[in-house]
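> Whatever this is, show me its structure:
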Amino acid sequence: MHKLFPKALQGGGLLLLRHGAGLLLSALQLLLVARWIGPEAYGLYALGTAFAGLLALAGQGGLPTYLVRRQEVSLEELREAQALLLLLALALLLLLLPLSLGLKTLAHLPPQALPPLLVLGGAGLLQGVSGVLWVRLERALAYPLVARLELLGQALSLSLSVPLALQGLGVWAPTLGYFAQHLFLLLVLWHLAPTPPRWRRPAWLREGLAFGFRGSLSALLAQVRPTLALAVAHRFLGEEMAGAVALALKLVDYASLAKGVLFRVALPVLGRLQGEPEAFRGALEGFALLSTLGSGLPLLVLTALGGHLPALLGRDWPSLDLFLPVLALAGLAHGVFLPQAAALLALGRAGVVLRFELLHTALLLALLPLGASTLGLWGYALGYMGALLPYGSFLSLRFPLVWGWGVFMGMVSLLSLGGKGFWGWIWGWIGLLFWGAWALPQTLRILTSFLKSSRRKERTC
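Residues are numbered from 1 along each chain as shown. The predicted model follows:
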């Protein structure tokens, strides 16, 4: 325990550097591949990768999250979990064709869209099978190795996608790169941490599946949302506009990369601090502040500069200045939410997170098609913002600075909505400076205390 914080925070820093390097590779891939394949092909690829994420989560059954949060896990239990993941992958493989056909029909895609969806869905199954192998590395807090492997996978995807895009392969260029990336990661992980499957009807499996069902359903709902958003955009706004939505979603992911890193670090740390209330609360507040600021500030910069991005891509990406602020607001809300969701998962209260995800997904399912079908682009944007209302329940009043930063940056992010907020941005940044003059000293005090507590634990070992 005394070495947990320093090792976890150091590993989180390495992961953040890895994500920073990965961001450069992904941004390069986006600028080159999207520039050459165009909005229509990029929108289809983005829909396919969202579909792959759904299959990956379904193929893991929530077991990786359950195994990460446990205090002790034996190699035999990991082998038993690996056997179950292989069975789930086989079942999903049989369902891959009908699920892909259903998605194509929902999004009103042409017949030639089916083969890329099948290949990307297969990549999702590879991700699902590798879940236990990642658990072995993350439980050991082997973040340097995790960072190197993820970066190598991205480099492989880039090295394949760009030449294929130059050859005019369209959507197949990033699709084949994505599949090769996840096949490579599965093979390397198996070489580094081989976990031969073994099925013995383990006693822990009932508890693991019960927790995993709740946890994976929550994660599945979170992955359903971008898939639904892209499918609705394809159906009601057209393929070109769906490409702009996909680009905005990807740029928001790039800008808010810190929240994903912090969630991955926070879950095992908070899971092992369950018996220490004061340490648990201090860690949660520190992670929540870091996640809010680490995702919010880059998102504000992105929305301020987003109108200039089409020039870098060499072609028109329609209504990007409308989609970026709306999706940035969603990314900021998610950054505030994730550390508190990690705390609830660590405490075994996955049902609370699940109820939130159900409400948020239901609102998105109702408001997006209604808005897009009646009011077009603005209806789509209003539907997306309306579905964010449940996030207000996670702006904990116990952490007023987290609440304050989240609300303030959310308001500033909307000032450029529709590309007409230049002067609003000026006043918004002035307001941010005044807010920072009051809130920044308190924020720095809390974060400094959070980091100092980890160093004290290291010195007492």
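> Run through the helices of the stretch 251-400 of the chain in chain order.
257-272, 277-305, 309-313, 320-346, 350-375, 377-386, 400-413 (DSSP state H, counting those that start in this stretch).
> so what does the fifth one touch, helix or strand wise?
Going back to what we said before, that points to helix 350-375. When contacts are defined as 3 or more CB pairs under 8 Å, 6 or more residues apart in numbering; DSSP states H and E, helix 350-375 sits against helix 205-232, helix 320-346, helix 377-386. C-betas here are computed from N, CA, C, even on glycine.
> Can you point out the buried residues in that helix?
350, 352-354, 356-357, 360-361, 363-365, 367-372 (16 or more other CB atoms under 10 Å).
> Go ahead and measure how far that helix is from the middle of the chain.
Centroid displacement of helix 350-375 relative to its chain, using CA atoms, centre = their mean, to the nearest Å, is 18 Å.
> can you give me the angle that helix makes with helix 205-232?
10 degrees (axes from the mean of the first three to the mean of the last three CA atoms, to 10 degrees).
> Surely Leu401 is in contact with Arg445?
No - the pair Leu401 and Arg445 fails to qualify as a contact (CB atoms under 8 Å) at a distance of 9.8 Å.
> and the two? which has more neighbours close in?
The residue with more neighbours, out of Leu401 and Arg445, is Leu401; 19 against 11, by other CB atoms under 10 Å.
> low-confidence ranges in the stretch 1-150 of the chain?
Scanning the stretch 1-150 of the chain for pLDDT under 70 picks out 1-23, 69-71, 140-143.
> Equivalent analysis for the stretch 151-300 of the chain, please.
Ranges of the stretch 151-300 of the chain meeting pLDDT under 70: 201-203, 212, 214-215.
> do the same with the stretch 301-450 of the chain
Checking the stretch 301-450 of the chain against pLDDT under 70 turns up 307, 310-311, 314-315, 394-398, 416-440, 442, 447, 450.
> change it to 90
Along the stretch 301-450 of the chain, the model assigns pLDDT under 90 to residues 301-360, 365, 375-378, 381, 385, 388-450.
> Distance to Gly243 for the helices of the stretch 251-400 of the chain - can I get that in CSV?
Shown next, in CSV, are those (distance: least, CB to CB, whole Å):
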stretch, distance to Gly243
helix 257-272, 22
helix 277-305, 18
helix 309-313, 10
helix 320-346, 10
helix 350-375, 15
helix 377-386, 14
helix 400-413, 22
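> Which of the ones you listed has the highest mean neighbour count?
Counting by mean count of other CB atoms under 10 Å, helix 320-346 has the highest mean neighbour count of the helices of the stretch 251-400 of the chain, with a mean of 25.
> just checking, what packs against that one?
Packed next to helix 320-346, using 3+ CB pairs under 8 Å, 6+ apart, are helix 63-69, helix 239-255, helix 257-272, helix 277-305, helix 350-375, helix 377-386, helix 400-413.
> Which among the ones you listed is found nearest to Leu151?
With distances scored as CB to CB, the stretch of the helices and strands packed on helix 320-346 nearest to Leu151 is helix 257-272 (12.9 Å).
> From the chain's centroid, how far away is the closest one?
On CA atoms, centre = their mean, the centre of helix 257-272 falls 12 Å from that of its chain.
> Next: stretch 180-198.
With CA atoms, centre = their mean, you get 22 Å for stretch 180-198.
> And that stretch, what's buried?
Ala180, Gln181, His182, Leu183, Phe184, Leu185, Leu186, Val188, Leu189, Ala193, Thr195, Pro197.
> which ones among the residues you listed are found in helices?
Among the buried residues of stretch 180-198, the residues falling in helices (DSSP state H) are Ala180, Gln181, His182, Leu183, Phe184, Leu185, Leu186, Val188, Leu189.
> contacting residues for the second one?
It stands for Gln181. Ala123, Gly153, Gln154, Leu156, Ser157 (CB atoms under 8 Å, 6 or more residues apart in numbering).
> which SSE is Ala56 in?
helix 35-60 (DSSP states H and E).
> among the buried residues of stretch 180-198, which two are most distant?
Taking CB to CB, the two most distant members of those are Ala180 and Pro197; they sit 24.3 Å apart.
> Relative to Arg139, how far out is Leu160?
31 Å (CB to CB, to the nearest Å).
> Tell me which of the two has more neighbours.
Each of Leu160 and Arg139 has its neighbours counted (other CB under 10 Å); Leu160 has more, 19 against 16.
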